[in-house]
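**Student:** Below: sequence and its predicted model.
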Amino acid sequence: MESIVSSSTNLIRSYLTPVRSISSAASVAVKPLSSVQITSVAANCHLLSFKSGGRRTRKLLTSASSSAIRCGGIIEIGESEFSSTVLESDRPVLVEFVATWCGPCKLIYPAMESLSQEYGDKLTIVKIDHDANPKLIAEFKVYGLPHFILFKDGKEVPGSRREGAITKAKLKDYIDGLLNSISVA
């Protein structure tokens, strides 16, 4: 597995394959890479695409100025941001609990990113890393991943919990049903 070293990127997040080591030295790749291409996905997100050993690999690079990370429409938060981002929000917040090692979480990531763009004006979608936030995992009794909970006015919406990977169409039906149940048009 390749390790990417970069001085211009504070944080590297990969939803396709984990990155093992990060350093703040000059831009260098541990293995020689051919045809490296960086594409801007959003203001602070870049998709690094490279070919190594005959395989094409893509990494999502995210510059982080704070501990909350935004790439596209999904915000990744931790325990310290949970209260201000979720409980004090003036609109509904769908919380997705995920882990970097979770295959189903990786599988639904593109659908979640697409839906976060689609529902951007009605709903905030946040992502919480299972391994980095054990207090939230225990508090909300998250036993399987991915796990979804909708919050409105600082409270969990009854019946909003959902666990496991589903198709984009079913995710859309799930979100529409939740928004209709809490009267958000």
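**Tutor:** Thanks, I have the structure now.
**Student:** List the buried residues in the lengthiest helix in the chain.
**Tutor:** What stands out as the longest helix in the chain, according to DSSP state H, is helix 103-118. The neighbour-count check on helix 103-118 (16 or more other Cβ atoms under 10 Å) flags 104-106, 108-109, 111-113, 115-116 as buried. Every residue, glycine included, has its C-beta placed from N, CA and C.
**Student:** Switch those over to TSV; also include pLDDT and distance to residue 170.
**Tutor:** Output for these, formatted as TSV (pLDDT from 0 to 100; distance: Cβ to Cβ, whole Å):
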residue	pLDDT	distance to residue 170
104	96	13
105	96	16
106	95	17
108	96	10
109	95	15
111	95	9
112	95	12
113	94	16
115	94	11
116	93	16
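**Student:** Looking at these, which is nearest residue 181?
**Tutor:** Set against residue 181, the nearest of the buried residues of helix 103-118 by Cβ to Cβ is residue 115 (17.2 Å).
**Student:** Quick one: residues contacting the closest one.
**Tutor:** The neighbours of residue 115, taking Cβ atoms under 8 Å, 6 or more residues apart in numbering as the test, are 125, 168, 171-172, 175.
**Student:** Relative to residue 159, how far out is residue 81?
**Tutor:** Distance, residue 81 to residue 159, by Cβ to Cβ, to the nearest Å: 26 Å.
**Student:** what about those two, which has more around it?
**Tutor:** Counting neighbours by other Cβ atoms under 10 Å for residue 81 and for residue 159 shows that residue 81 has the greater number, 16 against 10.
**Student:** which parts of the one helix or strand the more buried one maps to are buried?
**Tutor:** Residue 81 belongs to helix 79-82 when assigned by DSSP states H and E. Under the neighbour-count criterion of 16+ other Cβ under 10 Å, helix 79-82 has 81-82 buried.
**Student:** what helices or strands is that helix leaning on?
**Tutor:** Judged by 3 or more Cβ pairs under 8 Å, 6 or more residues apart in numbering; DSSP states H and E, the packing partners of helix 79-82 are helix 134-139.
**Student:** related to what we said a few turns ago, mind checking the pLDDT average for the helix holding residue 81?
**Tutor:** For helix 79-82, the mean per-residue pLDDT is 96.
**Student:** for stretch 168-176, same thing?
**Tutor:** 95.
**Student:** Keeping just the C-alphas, turn that stretch into PDB.
**Tutor:** What follows is stretch 168-176 as a C-alpha-only set of coordinates in PDB (Å, rounded to 0.1, in the frame of the first residue of the first chain):
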ATOM      1  CA  LYS A 168     -29.200   5.300  -3.200                       C
ATOM      2  CA  ALA A 169     -32.900   5.000  -4.100                       C
ATOM      3  CA  LYS A 170     -33.700   3.400  -0.700                       C
ATOM      4  CA  LEU A 171     -31.500   6.000   1.100                       C
ATOM      5  CA  LYS A 172     -33.500   8.700  -0.700                       C
ATOM      6  CA  ASP A 173     -36.800   7.100   0.300                       C
ATOM      7  CA  TYR A 174     -35.500   6.800   3.900                       C
ATOM      8  CA  ILE A 175     -34.600  10.500   4.000                       C
ATOM      9  CA  ASP A 176     -37.800  11.600   2.300                       C
END
